[in-house]
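*Asks:* The sequence isn't on hand, but the structure is:
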């Protein structure tokens, strides 16, 4: 019985989160219509999933609060799918199922919600994952400034990849240009016309990661450098494994407008968020092959070897600068850019 | 290296969501300290879970936006654990793992966050589920009015219970008094002194549901009547299975102060949210035994048989009133109470 969604002035109101008819209509006509799959069609308050292969699972959650909701190169919908897929893929797992929880402010335009749901559906479909269960809450004006999305994902692990401690002389390989997502968001917020041609790199890394896992049999670690950027990932690993890292500034792949924006705004690209890049640590002997493999994939064209693992009980991340000095790449101390993802 | 959490005036700021050192400290000292378990201690962006039994899984998500955060009988933390456990349990599944995603406004008191995390930890621990992965976002003032929590859960299905269509003459059994959660929240928001002794019924239903599954081998359906209340659950089932329901008003268990509050405020208890009740549909022949079993459990002491399934191609939910008439119990049309869960 496809009835038209009853809503005033094309906007979501509190009734769409109240558990009654309006909510059911919204779910049917926006979310079920877009995410269409037999598991979601079970309705009920949960998805029932057939037994998974007897493999370990990867389970991950992220809430997305990015502002603006629509940005150059993506939107909160595809970002919420890719971001969670990427966290699963970085464990060497194959993403299978996603949940989606929406918190929407009353007055939110239905057209924007449909656009976001469509973007999520396309992103999930392209990477063979199903959005199988969800939740919708609507809050009053001033209780939230737009739309937040939580996605939580389940993947099954391919036991090929067992992360291990980086070893001195191992290489640090990044799959491409650093800081594009952060720069795209800043340029849009600050209206910086000279970086308008920088798009967010928001993308699903699963196909690239599959190649990486094949190319480097002794791969140590894999992580997508999102919030906190490359600096955060390397510092976390340094602390976790009690090793050091030495980056080579001249080797960092950074787009010219991103570099310019950073200079102008006093930002360091090593702390800018990426949403379609991966950092891999592998033995030196496997690095060139890994690099060549990455570069053959559209998501890895600008891949580069950017540094080396060092023996350092103090677990410092350092960088050899262009002018020959060495500087510390510490954790981000404060907040560079809120609402980046 | 337990360092003290560096924060100004005991409040969360944007740096606690920035992916740098402040975020790591917050996670270590609040969430990991409370949720302590080996899976969460893996760190990384995902939890790696050992292979599950070769059984079907229940997978469910809910975002919690309840206001106020602390209410009589509970808080957003325990509610976020119980609510998601209950959705898993209502599928006849055993809850195992939870994720937790936090969206926090800058300036939120650390003491409140700790209290909420502690409440979640106690709730999870009491019911043998582990919070194994999480995410923390901090948004600017005015972007959110406090704290939102998403929990997403995985459970394994006991194949004993396969939901089936309710049949005419089946009985509708509720596990206890209706509307306590909704009434507790209203009384606190509206400062209604005469219902201050009503507590939210927020609780984990897993132990009660285990008893129900044993007591009624031919159980048809099970659901917790949260947002939208008893009326929403029955209307959803009516539409899904093309049956009718006939409730008996005099049989509805409702606390006197809840009834008074509803009369005063023009609310219908059938639409009030419950957070620790379950509705079961079972064959008439099993109803008395099911009722007696429920009543033996502390969460089911006031259980009652409140109605019957009818043959009705129009899928109406109706109620025989105290004065002998019959009225329609339609879906909730608008919004009775925003931010109830």
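*Replies:* Perfect, thanks for sending it. Bear in mind the structure is a predicted one, so any value in this text is a computation, not a measurement.

*Asks:* List the contacts of whatever residue of the stretch 151-300 of chain A ends up closest to chain B.
*Replies:* The minimum distance from the stretch 151-300 of chain A to chain B, using Cβ to the nearest Cβ, falls at residue A:228 (2.7 Å). No exception for glycine: its C-beta is placed from N, CA and C like everyone else's. Each residue near residue A:228 by Cβ atoms under 8 Å, 6 or more residues apart in numbering or on different chains is listed here: A:271, A:273, A:331-332, B:18-20, B:23.

*Asks:* and which of those is nearest to residue B:280?
*Replies:* Using Cβ to Cβ, the shortest approach to residue B:280 within the contacts of residue A:228 belongs to residue B:23, at 43.8 Å.

*Asks:* From residue A:178, how far out is the closest one?
*Replies:* Using Cβ to Cβ, to the nearest Å, residue B:23 is found at 20 Å from residue A:178.

*Asks:* the more surrounded of these two?
*Replies:* In this comparison of residue B:23 against residue A:178, neighbours counted by other Cβ atoms under 10 Å in any protein chain shown, the higher total goes to residue A:178 at 30 against 22.

*Asks:* circling back: selection in ChimeraX covering whichever of the contacts of residue A:228 are buried, please.
*Replies:* Restricted to buried positions by 16 or more other Cβ atoms under 10 Å in any protein chain shown, the ChimeraX selection for the contacts of residue A:228 reads:
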select /A:271,273,331,332 /B:18,19,20,23
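
*Asks:* Quickly check the contacts of residue A:228 for the two that are furthest apart.
*Replies:* With distance counted by Cβ to Cβ, no two of the contacts of residue A:228 lie farther apart than A:273 and A:331, which are 14.7 Å apart.

*Asks:* where's stretch A:239-259 relative to the chain centroid, distance-wise?
*Replies:* Relative to its chain's centre, stretch A:239-259 lies at 19 Å (Cα atoms, centre = their mean, to the nearest Å).

*Asks:* ok, now stretch A:299-308?
*Replies:* On the basis of Cα atoms, centre = their mean, stretch A:299-308 is displaced by 18 Å from the centre of the chain it belongs to.

*Asks:* one step back: redo the contacts of residue A:228 as a markdown table? Include pLDDT.
*Replies:* Output for these, formatted as a markdown table (pLDDT from 0 to 100):
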| residue | pLDDT |
| --- | --- |
| A:271 | 95 |
| A:273 | 96 |
| A:331 | 87 |
| A:332 | 81 |
| B:18 | 90 |
| B:19 | 88 |
| B:20 | 88 |
| B:23 | 91 |
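
*Asks:* Please identify the buried residues of the longest helix along chain A?
*Replies:* With DSSP state H setting the assignment, residue counts place helix A:110-126 as the longest helix in chain A. Judged by neighbour count using 16+ other Cβ under 10 Å, the buried positions of helix A:110-126 are A:110, A:112-114, A:116-121, A:123-125.

*Asks:* Could you do stretch A:318-326 as well?
*Replies:* Buried residues in stretch A:318-326, defined by neighbour count with 16+ other Cβ under 10 Å: A:318-320.

*Asks:* Just give me the closest of the residues you listed to residue B:165.
*Replies:* Using Cβ to Cβ, those come closest to residue B:165 at residue A:319, 65.5 Å.

*Asks:* Spatially nearest residue to that closest one (excluding sequence neighbours)?
*Replies:* Spatial nearest neighbour of residue A:319, chain neighbours left out: residue A:247 (4.1 Å); criterion: Cβ to Cβ, 6 or more residues apart in numbering or on different chains.

*Asks:* Surely the one you found is in a strand?
*Replies:* Yes - under DSSP: H, G, I helix; E, B strand; the rest coil, residue A:247 sits within a strand.

*Asks:* circling back: skipping its backbone neighbours, what lies nearest the residue of the stretch 151-300 of chain A closest to chain B in space?
*Replies:* The shortest distance from residue A:228 to any residue that is not its chain neighbour, by Cβ to Cβ, 6+ apart, is 2.7 Å, and that residue is residue B:19.

*Asks:* Mind jotting down where the helices sit in the stretch 101-250 of chain A?
*Replies:* If DSSP state H, counting those that start in this stretch is used as the criterion, the helices of the stretch 101-250 of chain A fall at A:110-126, A:180-190, A:206-215, A:229-241.

*Asks:* how about the third one: buried residues?
*Replies:* Under the neighbour-count criterion of 16+ other Cβ under 10 Å, helix A:206-215 has A:206, A:208-209, A:211-213, A:215 buried.

*Asks:* show me where pLDDT drops low in the stretch 1-150 of chain A?
*Replies:* Along the stretch 1-150 of chain A, segments meeting pLDDT under 70 span A:1-6, A:8.

*Asks:* Need the phi and psi values for the closest residue to chain B within it.
*Replies:* For the stretch 1-150 of chain A, the nearest residue to chain B under the criterion Cβ to the nearest Cβ is residue A:19, separated by 2.7 Å. With angles defined as degrees, to the nearest 10, residue A:19 sits at phi 90, psi 0.

*Asks:* got a list of what it touches?
*Replies:* In this structure, residue A:19 makes contact with B:226-229, B:232, B:273, B:332, judged by Cβ under 8 Å, 6+ apart.

*Asks:* Could you identify the most distant pair in those?
*Replies:* Among these, the pair separated by the greatest distance (Cβ to Cβ) is B:226 and B:332, which sit 12.4 Å apart.

*Asks:* Just say helix, strand or coil for the nearest residue to residue A:211 once chain neighbours are set aside.
*Replies:* Ranked by Cβ to Cβ, 6+ apart and with sequence neighbours excluded, the top spatial neighbour of residue A:211 is residue A:293, at 5.3 Å. Under the three-state scheme (three-state DSSP), residue A:293 adopts helix.

*Asks:* Tell me the pLDDT of residue A:293.
*Replies:* According to the predicted model, the pLDDT of residue A:293 comes to 98.

*Asks:* Centre of the chain to stretch A:199-211, how far?
*Replies:* In terms of Cα atoms, centre = their mean, the centre of stretch A:199-211 is found 9 Å from the chain centre.

*Asks:* Can I get the buried residues of helix A:206-215 in JSON lines including pLDDT?
*Replies:* As requested, the buried residues of helix A:206-215 are arranged in JSON lines below (pLDDT from 0 to 100):
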{"residue": "A:206", "pLDDT": "97"}
{"residue": "A:208", "pLDDT": "98"}
{"residue": "A:209", "pLDDT": "97"}
{"residue": "A:211", "pLDDT": "97"}
{"residue": "A:212", "pLDDT": "97"}
{"residue": "A:213", "pLDDT": "95"}
{"residue": "A:215", "pLDDT": "96"}
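
*Asks:* Return the set of buried residues in stretch A:239-258.
*Replies:* Residues of stretch A:239-258 classed as buried under the neighbour-count rule (16+ other Cβ under 10 Å) are A:239, A:241, A:243-249, A:252-255, A:257-258.

*Asks:* So which one of these is the model least confident about?
*Replies:* When it comes to pLDDT, residue A:257 is the least confident member of those, at 91.

*Asks:* how close does it get to residue A:180?
*Replies:* Taken as Cβ to Cβ, the span from residue A:257 to residue A:180 is 10 Å.

*Asks:* list residues touching both of the two?
*Replies:* Contact with both residue A:257 and residue A:180 is made by residues residue A:198, according to Cβ under 8 Å, 6+ apart.

*Asks:* so which helix or strand takes in the closest residue to residue A:134 other than its chain neighbours?
*Replies:* Setting aside the residues directly before and after it, residue A:134 is nearest to residue A:100 in space (Cβ to Cβ, 6+ apart), at 4.4 Å. Residue A:100 is located in strand A:93-105, with elements delineated by DSSP states H and E.

*Asks:* Within the sheet, what are the partner strands of that strand, with directions?
*Replies:* When pairs are called by DSSP bridges, strand A:93-105 turns out to pair with strand A:130-139 (parallel), strand A:147-157 (antiparallel).

*Asks:* what's the most buried one of those?
*Replies:* Each of the strands paired with strand A:93-105 was scored by mean neighbour count; the highest is strand A:147-157, a mean of 27, by mean count of other Cβ atoms under 10 Å in any protein chain shown.
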